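K.L.:
My questions are about this predicted structure, shown below with the sequence.
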Amino acid sequence: MALHCRRACRQYLLHLAHDNVDFRLPEIKALLSLRKRPFDTSETFSEKSPFWQLNGLSEDDIRRVMSRTICGKSSFELWGHGTTTDELRTSLLKYPAENMAPYLQQNSTYKINVYTFNKTLVFNNRIQKIDALDFLPFKGTVNLKDPEHIFCLLEDYGSDPNDIPEEPFHIYFGRWIADGQRELIRSYSVKKRHFIGNTSMDARLSFIMANHAKVKADDLVYDPFVGTGSLLVACSHFGAYVCGTDIDYNTIHGIGKASRKNQKWRGPDENIRANLRQYGTESLYVDVMVSDASKPVWRTNAQFDAIVTDPPYGIRESTRRTGSHKDIIKPPVDLYCEEMVPLHPCLTLISNCEQTLSSHTSRRLITMEKTKEPEDSDRLSHLADPRFTPYQGHNSFREKYFSGLTKKNRKDAKATPRNKE
């Protein structure tokens with residue numbers, strides 16, 4: 001029992017990517033909840049920091065999280081940390097020797113990496129920092145190409161590239177456990193995908209959305225605005241059966257003009273099923289059909305494990321082709337307020353994450369969980385709580401978009417004199 005406690009109660013360090021910062025905490029919490037594990041961190045936890053210390057987990061928990069996370073880059077068994085090298089040394093010397101021993105054996109091989117956030121160190125400085133760890137009882141042989149164990153010294157120099165301190169704010173040392181799934185961003189890039197559209201969701205956000213929705217093997221996932229199926233591709237990667245609907249006949253059937261640069265028409269085998277076939281998950285493809293999401297088409301007892309979607313924004317997709325560099329008309333800045341988030345008496349808001357698209361616009365990823373079945377009294381819920389009243393201001397984005405477009409056209413017309421006949 002004591003041995004199990006020592007293994008399960010160790011502290012772990014997550015190194016997170018510094019993009020889509022708002023999406024990181026909900027993703028890690030969702031992946032931990034799939035394991036029925038809590039998100040327990042240190043008292044000094046900062047959501048914006050690229051380093052998170054997690055408590056109360058086992059190494060298997062960490063490996064399962066890293067097998068899915070897009071926001072997480074690497075994970076470590078934390079052996080010591082501090083704000084100075086002296087504090088780090090003291091912390092490492094206090095770490096239980098029996099926890100270190102299996103990875104410091106004489107017949108083992110290892111290497112030590114140095115990683116710095118927001119600062120670049122020259123090679124000699126890195127070597128000096130590694131040499132300063134000579135008080136640790138490493139007995140194995142250094143192997144830089146294929147070591148059995150990898151250790152890492154991580155230094156946090158803050159997030160302001162214009163004000164980089166001479167010394168790090170915090171230093172960590174630990175044993176590497178696993179990397180996240182950042183490689184999926186490249187291997188599932190829409191640029192390499194068989195069937196794409198002008199508004200195909202990028203791979204990074206597609207996988208993050210699937211993780212927020214806790215999609216898992218044998219789930220049935222539905223996308224009511226399926227488009228070219230980017231979200232179905234991501235969900236099927238995690239073993240879910242996928243289906244979807246869309247009002248656009250041409251997109252559903254993969255016909256019409258192509259979205260790729262230097263390609264006029266879509267090919268005969270450009271469709272959503274072909275995308276899943278490309279990634280080896282065609283067996284998880286249920287079907288897609290033409291349907292208006294505002295019209296009920298499902299039986300009352302239809303059950304989905306998750307609904308993952310990217311709804312339209314009230315404007316048509318741009319006619320520009322993927323790969324071109326034409327200017328995109330940007331709507332004027334829209335004022336966001338919490339009342340814009342849709343609520344429902346059967347759904348509980350889990351997270352609300354903002355993704356900044358430009359200096360003018362941003363969009364939000366809303367995650368909700370169904371917590372009860374509908375009741376007759378829910379129809380009157382807006383009388384008891386005004387938050388359940390449908391928000392009437394969603395069209396403002398569309399109105400301001402076209403207002404900005406009209407103003408730009410007028411400006412261009414004035415700048416370009418008409419040709420006299």
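P.N.:
Cool, the structure landed. Residues are numbered from 1 along each chain as shown.
K.L.:
what residue is smack in the middle of this protein?
P.N.:
Geometric centre of the chain, nearest residue: Ile208, 3.1 Å, by C-alpha atoms, centre = their mean.
K.L.:
Looks like that residue contacts Glu27 (just checking).
P.N.:
Yes: Ile208 lies in contact with Glu27 (C-beta atoms under 8 Å); the separation is 5.8 Å. In short, each C-beta sits where N, CA and C put it, glycine included.
K.L.:
joint contacts of those two?
P.N.:
Common neighbours of Ile208 and Glu27 (criterion: C-beta atoms under 8 Å, 6 or more residues apart in numbering): Ile70, Cys71.
K.L.:
Secondary structure element holding Glu27?
P.N.:
helix 21-34 (DSSP states H and E).
K.L.:
on contacts alone, who are the packing partners of that helix?
P.N.:
Contacts defined by 3 or more C-beta pairs under 8 Å, 6 or more residues apart in numbering; DSSP states H and E place helix 21-34 against helix 59-66, strand 72-82, helix 203-212, strand 347-356, strand 362-370.
K.L.:
for that helix, which positions count as buried?
P.N.:
Val21, Asp22, Phe23, Arg24, Leu25, Pro26, Glu27, Ile28, Lys29, Ala30, Leu31, Leu32 (16 or more other C-beta atoms under 10 Å).
K.L.:
if I pick the closest residue to the last one other than its chain neighbours, what's in contact with it?
P.N.:
Looking back up the chat, that one is Leu32. With C-beta to C-beta, 6 or more residues apart in numbering as the criterion, Leu32 has its nearest non-adjacent residue at 5.5 Å, and that residue is Phe39. By C-beta under 8 Å, 6+ apart, the contact list for Phe39 reads Leu25, Ile28, Lys29, Leu32, Leu54.
K.L.:
any chance of these in CSV, with distance to Trp265 and pLDDT too?
P.N.:
Shown next, in CSV, are the contacts of Phe39 (distance: C-beta to C-beta, whole Å; pLDDT from 0 to 100):
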residue, distance to Trp265, pLDDT
Leu25, 44, 97
Ile28, 43, 98
Lys29, 45, 98
Leu32, 46, 98
Leu54, 51, 97
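K.L.:
low pLDDT regions in the protein?
P.N.:
1-9, 314-335, 390-421 (pLDDT under 70).
K.L.:
now with 80?
P.N.:
1-9, 259-262, 302, 313-340, 342, 358-361, 382-421 (pLDDT under 80).
K.L.:
Distance from the helix holding Glu27 to the middle of the chain?
P.N.:
9 Å (C-alpha atoms, centre = their mean, to the nearest Å).
K.L.:
try stretch 86-105
P.N.:
Per C-alpha atoms, centre = their mean, the centroid offset for stretch 86-105 relative to its chain is 33 Å.
K.L.:
buried sites along that stretch?
P.N.:
Leu88, Arg89, Ser91, Leu92, Tyr95, Met100, Tyr103, Leu104.
K.L.:
before we move on, what about stretch 248-267?
P.N.:
Result for stretch 248-267 [16+ other C-beta under 10 Å]: buried residues Asp248, Thr251, Ile252, Gly254, Ala258, Ser259, Arg266.
K.L.:
Could I get the contacting residues of the fifth one?
P.N.:
If I follow you right, that is Ala258. Lys264, Trp265, Arg266, Gly267, Glu270, Arg321.
K.L.:
Out of those, which is nearest to Glu148?
P.N.:
When the contacts of Ala258 are compared for distance to Glu148 (C-beta to C-beta), Glu270 wins out at 46.5 Å.
K.L.:
List the residues that contact Lys111.
P.N.:
So Lys111 contacts Val142, Asn143, Leu144, Pro147, Ile150, Phe151 (C-beta under 8 Å, 6+ apart).
K.L.:
Kindly report the same for Asp22.
P.N.:
So Asp22 contacts Cys353, Glu354, Gln355 (C-beta under 8 Å, 6+ apart).
K.L.:
Buried among those residues? Make that a ChimeraX selection.
P.N.:
Remark: buried members of these, expressed as a ChimeraX selection using 16+ other C-beta under 10 Å:
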select :353,355
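K.L.:
And the contacts of Asp22, which is closest to Tyr336?
P.N.:
Nearest member of those to Tyr336, counting by C-beta to C-beta, is Glu354, at 8.0 Å.
K.L.:
Bridged to the closest one, which residues?
P.N.:
In this entry, Glu354 is beta-bridged to Arg364, by DSSP bridges.
K.L.:
That one and Glu338, how far apart?
P.N.:
Separation of Glu354 from Glu338 (C-beta to C-beta, to the nearest Å): 12 Å.
K.L.:
now swap in Leu54 and tell me
P.N.:
Distance from Leu54 to Glu338, by C-beta to C-beta: 29 Å.
K.L.:
Of those two, which one has the most company?
P.N.:
Leu54 (24 against 9; other C-beta atoms under 10 Å).
K.L.:
follow-up on the earlier one: could you tell me which of the contacts of Ala258 belong to strands?
P.N.:
Using DSSP state E, no member of the contacts of Ala258 falls in strands.
K.L.:
Including distance to Arg379, could these go into TSV?
P.N.:
TSV is the format used below for these (distance: C-beta to C-beta, whole Å):
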residue	distance to Arg379
Lys264	50
Trp265	48
Arg266	44
Gly267	48
Glu270	43
Arg321	46
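K.L.:
ok, the residues you listed vs Asn198, which is closest?
P.N.:
Using C-beta to C-beta, those come closest to Asn198 at Arg321, 7.5 Å.
K.L.:
Quick check, Phe135 in contact with Leu93.
P.N.:
Yes: between Phe135 and Leu93 a contact is recorded at 7.4 Å, counting by C-beta under 8 Å.
K.L.:
Can you show me the helices along this protein?
P.N.:
Applying DSSP state H to the chain gives helices spanning 2-8, 21-34, 59-66, 85-94, 97-100, 123-131, 183-187, 203-212, 230-237, 249-253, 272-278, 381-384, 395-415.
K.L.:
residue contacts, Lys119?
P.N.:
Glu155, Tyr157, Ile164, Pro168.
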